[in-house]
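K.L.:
Return a 3D structure for these sequence lines:
(4 chains)
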Protein chains: 2
Amino acid sequence: MTHETWTFFPHAGSRHVQTLRVALRLFVQNGFFNTSIQDLCAEAGVSIGFFYNHFADKEGIARELYRHLLARMNMLLDEIEERQTSNRERCEAVLRMLFGLAEAEPEAMGFVVNARHREFLPEEQAICSASAFVRMRGFVFAGMADGEIREMNPMVAASLMYGSAIRMICLRLDGLVDTPIGQLFDSLWDGVWRSLRPD
Amino acid sequence: MTHETWTFFPHAGSRHVQTLRVALRLFVQNGFFNTSIQDLCAEAGVSIGFFYNHFADKEGIARELYRHLLARMNMLLDEIEERQTSNRERCEAVLRMLFGLAEAEPEAMGFVVNARHREFLPEEQAICSASAFVRMRGFVFAGMADGEIREMNPMVAASLMYGSAIRMICLRLDGLVDTPIGQLFDSLWDGVWRSLRPD
DNA sequence: GTCTATATCCTGATAGAC
DNA sequence: GTCTATCAGGATATAGAC
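P.N.:
Reported below is the predicted structural model:
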């Protein structure tokens, strides 16, 4: 299993998953509140009855989507943690993964990065407190403890590490960057690392 | 007029402005779609009739808020452009301004940075295409043309310049950073500049 | 399990008195 | 200009047949 391409939905097929995919697209394109269950079911080709047998309610499908995407990110982080030994390499691999996902599954990435989940999933934690994002910052903290990364405030280091890439992804998703950002990765990583490497 | 503190709403007073401020707070705290006009009017202490005499509709108040905040950012950019001569200084001043605004007016900053405006203001351009953000990137492009900033893809440079600060602001607004971020500015700017300065 | 038809609620917006 | 009372529409969620 090579990972030249990353994906959030490795297996598609069942109507359940198909409904999730359509929900993802509509939630990202039009927003959660602008998507009616009727529209969603019509677009997914399922009945209202089917919907309510598979999902508790409208929040339910959004929650399943949210948790699925975060769980998938955690699995990708697991692989990175296994493969890479230094924290610098882990961070680089994370950024490369994010760039890859943004190109392969822009809607999923949009839902993770852009959506204001608290507005429709009130009981979920803020996404930057979610396990996957905590672990990503953990790589930075560990790198600083090891001396791979310069001494500084940990949150400043995490922002320097991930902020530029997230910004670039947002610009790409919003159509302000024409070229696939994979081509820009090396240049971005070079800049990021200059800001964090020891003197 | 010193600018140790920046503000989006320099003058408050009229019921019109008061209603705008309450709308801002509710839109950021609960989201646009979770805020009913009835709740908004009750909280602002105005009647439904007053509301519809001052604003065309629910979108209208959101649009006025949006345009006001962006216009105010443009004014602050005007001042920065006047005061600072080099593009490096301008970028640094922009970041300092953003940090200051995030502390002084977190709700306004949240509305600018976090809200998904396209969901409730369909005819507005994406915010990263708005004049203020275009000008901010322009400082970076000009700095690269002048040789103050290393040669690289312009959008990569813009992401390196602004991404970390925006990320830090988001973390602060989401409660993951306890200390006022003004204290962290020098450290962050040091990192940002390392990523962009010529060799 | 799946579908259609429908109940119920709430919201944005208006009408008309003052 | 400002207010209260109300309307009309659309949304979520359910009921009940199959």
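K.L.:
contacts and neighbour counts: CA atoms only from here.
P.N.:
Noted.
K.L.:
Stretch A:136-147 and chain B in contact?
P.N.:
No: contact between stretch A:136-147 and chain B is absent, the nearest approach being 11.7 Å (criterion: Cα under 8 Å from any Cα of the partner chain).
K.L.:
do the same with stretch A:165-181
P.N.:
Yes: judged by Cα under 8 Å from any Cα, stretch A:165-181 comes into contact with chain B at A:165-168, A:171, A:174, A:176-177.
K.L.:
Give me the distance between that stretch and the centre of its chain.
P.N.:
14 Å (Cα atoms, centre = their mean, to the nearest Å).
K.L.:
thinking again about what came up before, which one of the residues of stretch A:165-181 next to chain B sits closest to residue A:94?
P.N.:
The shortest distance between residue A:94 and any of the residues of stretch A:165-181 next to chain B, using Cα to Cα, involves residue A:165 and amounts to 10.1 Å.
K.L.:
Just give me the neighbour total for the residue in chain A that DNA strand C sits nearest to.
P.N.:
Of all residues in chain A, the one sitting closest to DNA strand C is residue A:49 (3.2 Å; Cα to the nearest atom of the strand). By other Cα atoms under 10 Å in any protein chain shown, 9 other residues sit near residue A:49.
K.L.:
quick one: which helix or strand includes it?
P.N.:
Assigned by DSSP states H and E, residue A:49 belongs to helix A:48-54.
K.L.:
how about that helix: buried residues?
P.N.:
If you call a residue buried by 16 or more other Cα atoms under 10 Å in any protein chain shown, then helix A:48-54 has these buried ones: residue A:51.
K.L.:
now for it, which elements pack on it?
P.N.:
With contacts defined as 3 or more Cα pairs under 8 Å, 6 or more residues apart in numbering or on different chains; DSSP states H and E, helix A:48-54 has these neighbours: helix A:37-44.
K.L.:
Is the helix it packs on positioned near DNA strand D?
P.N.:
Yes: judged by Cα under 7 Å from any atom of the strand, helix A:37-44 comes into contact with DNA strand D at A:37-38.
K.L.:
need the longest helix for chain A.
P.N.:
As far as residue count goes, and with DSSP state H defining each element, the longest helix of chain A is helix A:58-83.
K.L.:
and it, how far out from the chain's middle?
P.N.:
Averaging C-alpha coordinates over helix A:58-83 and over its chain gives two centres that are 8 Å apart (Cα atoms, centre = their mean).
K.L.:
do it and chain B meet?
P.N.:
No: in this structure, helix A:58-83 remains apart from chain B according to Cα under 8 Å from any Cα; the gap is never smaller than 13.6 Å.
K.L.:
what does stretch A:109-127 give?
P.N.:
Yes: interface with chain B: stretch A:109-127 contributes A:114-116, A:119, A:126 (Cα under 8 Å from any Cα).
K.L.:
repeat for stretch A:25-36
P.N.:
Yes: in terms of Cα under 8 Å from any Cα, part of stretch A:25-36 sits within range of chain B, namely A:30-31, A:33-34.
K.L.:
Out of those, which sit inside helices?
P.N.:
Judged by DSSP H, those include residue A:30 as members of helices.
K.L.:
Out of the residues of stretch A:25-36 next to chain B, grab the one that's most surrounded.
P.N.:
Among the residues of stretch A:25-36 next to chain B, residue A:31 has the most neighbours (other Cα under 10 Å), with 19 neighbours.
K.L.:
for the closest residue to that residue other than its chain neighbours, what are its contacts?
P.N.:
Distances taken as Cα to Cα, 6 or more residues apart in numbering or on different chains put residue B:119 closest to residue A:31, at 5.7 Å, once the chain neighbours are dropped. Residues in contact with residue B:119, defined by Cα atoms under 8 Å, 6 or more residues apart in numbering or on different chains, are A:30-31, A:34.
K.L.:
start to end distance for stretch A:29-41?
P.N.:
Start and end residues of stretch A:29-41 are separated by 16 Å (Cα to Cα, to the nearest Å).
K.L.:
Let me fix that, I meant to ask about stretch A:120-127.
P.N.:
Counting by Cα to Cα, the length from the leading to the trailing residue of stretch A:120-127 is 13 Å.
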